[in-house]
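Colleague: Here is a sequence together with a model predicted from it:
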Amino acid sequence: MNECTIYPSINNHNRYAIGSPDGRELERGEAVEILLGGFRIPGFIEYDSNGDYFKAMTGQSICGLYAGMKVYLATLKVTEPRWAVASGY
């Protein structure tokens, strides 16, 4: 997972952007981990009329997001299936 800092979005009130105020906004349902008390807690992003927040996968606890918070984003590595390589596709 890549560590990123979040900032208030300049494009959308009450939303957070990744890397800079004009970066990509966090999306509802996006899987992230946040650092709380020295522990990385897995969960996902939700939002309502008050803005973005984090919802933990275990216990369904919620936590507000704030500027400068470190989040860890899942990165997916896409590779060709072995059958495609073997058959020349």
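Modeller: Looks like it came in fine.

Colleague: So for residue 30, what's the pLDDT?
Modeller: Here the pLDDT value assigned to residue 30 is 91.

Colleague: isn't it right next to residue 44, touching?
Modeller: Yes - taking Cβ atoms under 8 Å as the definition, residue 30 is a contact partner of residue 44 at 6.1 Å. Every residue, glycine included, has its C-beta placed from N, CA and C.

Colleague: ranges for the helices of the chain?
Modeller: 82-87 (DSSP state H).

Colleague: tell me the contacts of the residue sitting nearest the centre point of it?
Modeller: By Cα atoms, centre = their mean, the chain has its centre lying nearest to residue 32, at 3.9 Å. Neighbour list for residue 32: 26, 42, 43, 44, 45, 54, 71, 72, 73, 74 [criterion: Cβ atoms under 8 Å, 6 or more residues apart in numbering].

Colleague: now those residues as CSV including pLDDT and distance to residue 15?
Modeller: CSV is the format used below for the contacts of residue 32 (pLDDT from 0 to 100; distance: Cβ to Cβ, whole Å):
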residue, pLDDT, distance to residue 15
26, 93, 7
42, 91, 21
43, 91, 17
44, 91, 15
45, 93, 10
54, 92, 13
71, 92, 14
72, 93, 19
73, 89, 16
74, 74, 20
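
Colleague: Can you tell me which helices and strands whichever strand in the chain runs longest packs against?
Modeller: Counting by DSSP state E, the longest strand found in the chain is strand 39-48. If contacts are counted by 3 or more Cβ pairs under 8 Å, 6 or more residues apart in numbering; DSSP states H and E, strand 39-48 sits against strand 31-36, strand 51-56.

Colleague: Now do the buried residues in that strand.
Modeller: Using 16 or more other Cβ atoms under 10 Å as the test for burial, strand 39-48 gives 41, 43, 44, 45, 47.

Colleague: For residue 51, see how far away the nearest residue to residue 36 once chain neighbours are set aside is.
Modeller: Closest residue to residue 36 apart from its sequence neighbours, by Cβ to Cβ, 6 or more residues apart in numbering: residue 63 at 7.0 Å. Here the criterion is Cβ to Cβ, to the nearest Å. By it, residue 63 lies 12 Å from residue 51.

Colleague: cool, and residue 21?
Modeller: Where residue 51 is concerned, residue 21 sits at a distance of 14 Å (Cβ to Cβ).
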